[in-house]
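Asks: what's the 3D shape of this:
(one chain, ligands or ions: 1)
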Amino acid sequence: MERSQLYNIIIDSLPIGLTMVDKDGITIDWNRTAERITGYSKKDIIGKSHLKILHGTSDKEACPLLRCALHHFECTVEVTVKKKDNGLIALSVMASPLFDDDGSFIGGIEVFSDITEVKRAERERKNILSMFAHDMKNPVIAMEGFLLRLISGKAGTLTSTQCQYLQLIMDESSKVKNLLTDFLEFSKFEAQRCDPVLGQFNIEKAICRCIEAAKIEAEKKNLRISVEASVNTSPSISADAMLVNRVITNLLDNAIRYTPVGGAIIIRLTGNDTNITVQVEDTGGGISEDHLPYIFDAFYRGAKDQKGSGLGLSISKIIVEAHNGMIWVNSTPEKGSIFSFTLPRR
Ligand code: ADP
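Replies: Purely as a prediction, here's the structure:
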């Protein structure tokens, strides 16, 4: 067997992504594992700019391979790249410059593995640990019971200041209870999967009911909420009404929470014979690019000073995907966000 033939077999059999560039950053080799990890075939990338395709930029410093090739050092780093389908993946990369026998610089070589899931698990584990700092739900419920007795005067007459303070304690403990409710619900979905109980229900009416329930919070911030429904056929779908209500409520609550006083929220309902799409658009602060890839992760919170569990969106994602639907966000910092989800009618 020819040496070059053997070389190709070895490169393509490696269980790790491998790529090489020439001194101008043009891709000259790309193995099968690299194709599988990124979705780019050899045809997509060989002879083209490694930097532009994988990193979507012309800044050579953004790419570990070109960085190490430019500065002639080896490096081991983690980097986020765009797959062919535009999804982001985290890679663990080892890169090294290449020199010919005369010591002239001729390019760079890189091996990489997909660590997206490892990174996600790591982030979630860290967040879960901080979450456990909170108490569990049962003691909070017991506390609320005693607080209610005190407030109602069953344990003796209280001054109005005492009542006021107890009410404040009650409000705070109900926030803790809400956090724990989210936490327990998420753990349940993780442990037992989310199995929707399908039934026929009218999603347009469900949206109106969710708005009605959120009205008090929206009024506190003087937010306008409107519905735009343009469904060709009936707004009736086959889904788990309770779970879908949870998704609409989560998105609406977030829109209210993250939109400043006087803003507007529009809920759009569109659909065709096969799918129904709900969009919740707000005029809030939007989400920065740093946070955007992670907001559907469990326990991830963009604004640490805000009150929330960081679970609303991950619970929504689990529910939508359990219905074979999709959920995503488009957001422009300082302008607002549009959260969308689609559900198949059946
Ligand atoms: P929580 O709101 O409890 O923090 P979520 O899972 O609902 O948790 O949301 C995760 C993060 O996504 C939030 O902390 C926030 O940074 C961001 N986010 C969600 N919805 C919006 C929105 N409508 N506008 C701006 N940021 C949002």
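
Asks: how about stretch 21-34: buried residues?
Replies: 21, 25-34 (16 or more other C-beta atoms under 10 Å). From N, CA and C alone the C-beta is placed, and that goes for glycine too.

Asks: determine the longest strand present in the chain.
Replies: strand 88-99 (DSSP state E).

Asks: what helices or strands is it leaning on?
Replies: helix 32-38, helix 64-71, strand 75-82, strand 105-114, helix 116-131 (3 or more C-beta pairs under 8 Å, 6 or more residues apart in numbering; DSSP states H and E).

Asks: so where is the stretch 1-150 of the chain shaky, pLDDT-wise?
Replies: 125-136 (pLDDT under 70).

Asks: quick one on the thing from earlier: ok, residues contacting the longest strand of the chain?
Replies: 17, 20, 37-38, 64-65, 67-69, 72-83, 105-116, 118-119, 293 (C-beta atoms under 8 Å, 6 or more residues apart in numbering).

Asks: and the residue positioned nearest the centre of the chain, how far is that from A303?
Replies: With distances taken as C-alpha atoms, centre = their mean, F296 lies nearest the centre of the chain, 2.2 Å away. Counting by C-beta to C-beta, to the nearest Å, the gap from F296 to A303 is 16 Å.

Asks: related to what we said a few turns ago, turn the helices and strands packed on strand 88-99 into a markdown table, including distance to E219.
Replies: A markdown table is the format used below for the helices and strands packed on strand 88-99 (distance: least, C-beta to C-beta, whole Å):
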| stretch | distance to E219 |
| --- | --- |
| helix 32-38 | 49 |
| helix 64-71 | 52 |
| strand 75-82 | 41 |
| strand 105-114 | 47 |
| helix 116-131 | 31 |
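
Asks: tell me which of these sits nearest to V320.
Replies: Ranking the helices and strands packed on strand 88-99 by their distance to V320 (criterion: C-beta to C-beta) puts helix 116-131 first, at 17.9 Å.

Asks: helix or strand right after the closest one?
Replies: helix 137-151 (DSSP states H and E).

Asks: helices or strands up against that next one?
Replies: When contacts are defined as 3+ C-beta pairs under 8 Å, 6+ apart, helix 137-151 packs onto helix 160-192.

Asks: give me the buried subset of the contacts of strand 88-99.
Replies: 17, 20, 37-38, 64-65, 67-69, 79, 81-82, 107-112, 114-115, 119.

Asks: on that earlier part again, can you point out the buried residues in the longest strand of the chain?
Replies: Buried residues in strand 88-99 (16+ other C-beta under 10 Å): 89-98.

Asks: next: stretch 147-154.
Replies: For stretch 147-154, by 16+ other C-beta under 10 Å, it's 147, 150-151.

Asks: and if you look at stretch 39-52?
Replies: 40, 45-46, 49-51.

Asks: among the residues you listed, which ones are in helices?
Replies: Using DSSP state H, the members of the buried residues of stretch 39-52 that fall within helices are 45, 50-51.

Asks: make JSON lines out of the buried residues of strand 88-99 and add distance to the ligand.
Replies: Output for the buried residues of strand 88-99, formatted as JSON lines (distance: C-beta to the nearest ligand atom, whole Å):
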{"residue": "I89", "distance to the ligand": "21"}
{"residue": "A90", "distance to the ligand": "19"}
{"residue": "L91", "distance to the ligand": "25"}
{"residue": "S92", "distance to the ligand": "26"}
{"residue": "V93", "distance to the ligand": "28"}
{"residue": "M94", "distance to the ligand": "33"}
{"residue": "A95", "distance to the ligand": "33"}
{"residue": "S96", "distance to the ligand": "39"}
{"residue": "P97", "distance to the ligand": "40"}
{"residue": "L98", "distance to the ligand": "43"}
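
Asks: which secondary structure state is assigned to T157?
Replies: Under DSSP: H, G, I helix; E, B strand; the rest coil, T157 falls in the coil class.
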